[in-house]
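Colleague: sequence plus predicted model, see below.
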Amino acid sequence: MNKSKVLFSLGLLFFSVQTLFSANILNTIDTGNPVAGLDISNNKIFTANGPTGLVIRELSPMGMPSNSPTTVTTPWAKDVDVSGDFAYVADDSQGLIVIDLETNTTISTITPSTGWSTDIEVRDNFAYLANNHGGVFIYDISTPSNPTQVGHYDTNGHAVDLDVVGDRLYIADNAQGFKIIDVSNPSNPTLIASQTIGGFTGNIEVQNNIAYVTTNSTSNGHVIQSYDISNEQNIQLLDTLVIPSIGRDLVLRGTIAYVANFVNGVQFIDIGNSSDLSILSSIDTEEYANSLVVAGSRMFVGDSNNLVTIDIWDIETPRIVSNIDIPNYGKKVVSSGDYTYTIDTTKKLSIIDNSNIGNPSTVGTYTFSEQVNDLDIVGNYVHAVSNNHLYIINTTNKSNPTLSTKYFVPQSTTLSSVTLKELKKLDGTNGYFMFLTDFSGNVMIYNKPHEYSIGSRKMINLPIGSNFFAPQPHNIDVYQNDENIAETALYIAGGQAGIYTVELNTTNIMNSSAPVNEGFDGNYGNAKDVTVTDDTSIFVVADSLGVVQYTNANKFKPEYLRNFSALSGAVAIDSISNSSNIIVALYDNDSAIFDPDNSTIQSFTTSNGYSGNDIAVSNNREKGITTILDMNHGVFFIDTSMIGWN
């Protein structure tokens, strides 16, 4: 297959993704011994430095490693995985070494009965140790000072690399290809599938049911391959891409695979279309690239005896991966899993398959009998509101969505939004909740027995705001503290009245507390959208005020902190996965990535020089992809997995 540059269509416009990508070496540190493995945690970079042991370096706010490291000596560190306050080291013939990061001392060592350790993956309370011809050893690390072996799987090959996703262990087994192991019971790992490749498999990483492996192939030389493993009993090869030399390490982030390519530095592979892999770019690291780790816009490479810091993005610009037109003017967008859902002014719901993010396609449509104002989805059921009705559309068959329910919403005038959440209840069960708002200051909370049903209702009328403005609620967000589910709150963007908070009673929704209002501290604004980024901050799109930040320390009574007027004109907002950054849709000025911690703003265009108005945004945290709805130019899929360095 020809691996020339990939072009993406923007309606009648085309651009090459290669023009958007750059990588620059920022710093090189001589580590004295080979850097065999790396990890990043708590603003520190950890390097498995062979006979030096584990080397720990602080990272600056700009992601630069310190020249004054802390070293914990071990016999021969090959790999490291950090979890909480402990570092777990795969240490050649010594096996698993556990290091307490509070004291930077070794607290335990456990040596397998056979093999030598090359790779380690920690998930929850278990450590998985690749031990070459010894197979894979599984340890219970719930007590880090006393890890105990609970399982072992002999691959009959040479286990050199691992990935763990859910209850599946994926093993790169050298000449034996790769194996899929069920580890739902870690004490009894069970073979599910084995895939021979015809070569020596050195690395494996899995994302969205696609396995990516680097192999020294007997027929094609050095390659990276993609396999569809959604049906584990019928694994399918999707594509093979020749790379310059042997792949020594492999990392996936969003739509890019990073390959430590030994004598050829690092290769950047576009995996947006898993059936059509292509080389985006490469960078020469001067020595031998053996290991790497990626954190946002920083990549750290173990390059023989050097630790190399690379900026893998020119500033913080997001990468527009693809674009798809929708009928007429778009109104709202929501993304869930492999699908994106939009509504437009032709009264049409469009379902877009974005499983192949480089080539999204519309797979189904449904036409409403009237204009609809907002939509959300839970499971396979799209919920959309018109002025007076709630529509529930069954999208189980994506190519033929059908009407499940049309419900007249009583005691409401001009419905403005619908939001669906699956929340934990105090009794340990999960429940579906639906929240409707209208422009008369009403919030309707439904406790849904099922994702497709209506359920019982509690009606809340928002009181006059602190600045004597009648609330006109636009959009909402819901926060739930996973460690204390009693802390569940509903946040409402209440128009000129500011932000409202409702304490949700997760035992009985009908007993939820009356709303509390927090105005705009005497300033005029129009709260249109709200997102809770973490446990401490709430951000509200507020018209001429730009973006207003509230503290979330008291979950049920947020307090005004500050506003960012440079983002005036914003109409929609969402937070980005694994980052304090937020993404904002700007009606007249396209869109922007905003870092509230240092007040930096990076605007980007989705209209490519043509008149466009971004009006809605939805972030898919699972995929690291953000969808922007441009009213005039359809849906843009943005790779935001690399925003910020950490």
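Modeller: All right, it came through fine.
Colleague: so where is the stretch 301-450 of the chain shaky, pLDDT-wise?
Modeller: 313-319 (pLDDT under 70).
Colleague: ranges for the strands of it?
Modeller: 306-311, 319-324, 330-336, 339-344, 348-353, 361-367, 374-378, 381-385, 389-394, 402-408, 415-424, 430-438, 442-448 (DSSP state E, counting those that start in this stretch).
Colleague: mind putting those in CSV, distance to Ile110 included?
Modeller: C-beta here means a position set from N, CA and C on the backbone, and glycine is covered the same way. CSV is the format used below for the strands of the stretch 301-450 of the chain (distance: least, Cβ to Cβ, whole Å):
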stretch, distance to Ile110
strand 306-311, 28
strand 319-324, 43
strand 330-336, 42
strand 339-344, 45
strand 348-353, 47
strand 361-367, 50
strand 374-378, 45
strand 381-385, 49
strand 389-394, 52
strand 402-408, 55
strand 415-424, 36
strand 430-438, 38
strand 442-448, 49
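Colleague: could I get the full set of helices for the stretch 101-250 of the chain?
Modeller: Counting by DSSP state H, counting those that start in this stretch, the stretch 101-250 of the chain yields no residue ranges for helices.
Colleague: okay, now the unreliable bits of it?
Modeller: Answering for the stretch 101-250 of the chain: no residues sit below the bar, that is pLDDT under 70.
Colleague: so which of the strands of the stretch 301-450 of the chain is nearest Ser245?
Modeller: Distance to Ser245, taken as Cβ to Cβ, is lowest for strand 306-311 among the strands of the stretch 301-450 of the chain, at 17.0 Å.
Colleague: from His450, how far off is Thr201?
Modeller: 44 Å (Cβ to Cβ, to the nearest Å).
Colleague: who has more neighbours, the two?
Modeller: Of the pair Thr201 and His450, Thr201 is the one with more neighbours under other Cβ atoms under 10 Å, namely 29 against 11.
Colleague: pLDDT wise, what is the residue located most distally from the centre of the chain at?
Modeller: Within the chain, the residue lying farthest from the chain centre (Cα atoms, centre = their mean) is Phe468, at 40.3 Å. Reported pLDDT at Phe468 in the predicted model: 76.
Colleague: going forward, count from 12.
Modeller: From this message on, residue numbering opens at 12, which makes the last subject Phe479.
Colleague: spit out the contact partners of it.
Modeller: For Phe479, no contacting residues are found, by Cβ atoms under 8 Å, 6 or more residues apart in numbering.
Colleague: next one: phi and psi at it?
Modeller: Phe479 adopts backbone torsions of phi 70, psi 30, taken as degrees, to the nearest 10.
Colleague: could you tell me the end-to-end distance of stretch 74-85?
Modeller: Using Cα to Cα, to the nearest Å, the end-to-end distance of stretch 74-85 comes to 26 Å.
Colleague: quick check: mean pLDDT of that stretch?
Modeller: pLDDT averaged over stretch 74-85 gives 92.
Colleague: which of the residues in it are buried?
Modeller: For stretch 74-85, a neighbour-count test (16 or more other Cβ atoms under 10 Å) marks Gly74, Met75, Pro76, Pro80, Val83, Thr85 as buried.
Colleague: surely the last one is in contact with Gly106?
Modeller: Read it as Thr85. No - with contact defined as Cβ atoms under 8 Å, Thr85 does not reach Gly106; the gap is 10.7 Å.
Colleague: of all the strands of the stretch 312-461 of the chain, which lies closest to Asp111?
Modeller: strand 317-322 (23.2 Å).
Colleague: note down every partner strand of the closest one and its orientation.
Modeller: strand 35-41 (antiparallel), strand 309-314 (antiparallel) (DSSP bridges).
Colleague: quick one: contacts of the last one?
Modeller: Strand 309-314 has contacts (Cβ under 8 Å, 6+ apart) with 34, 39, 45-49, 51, 56, 58, 74, 76, 260, 269, 271, 277, 296-305, 318-323, 656-657.
Colleague: got the buried residues for it?
Modeller: For strand 309-314, by 16+ other Cβ under 10 Å, it's Arg309, Met310, Phe311, Val312, Gly313, Asp314.
Colleague: could I get the residues you listed in TSV, plus columns for distance to Asp165?
Modeller: TSV is the format used below for the buried residues of strand 309-314 (distance: Cβ to Cβ, whole Å):
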residue	distance to Asp165
Arg309	38
Met310	35
Phe311	34
Val312	33
Gly313	29
Asp314	34
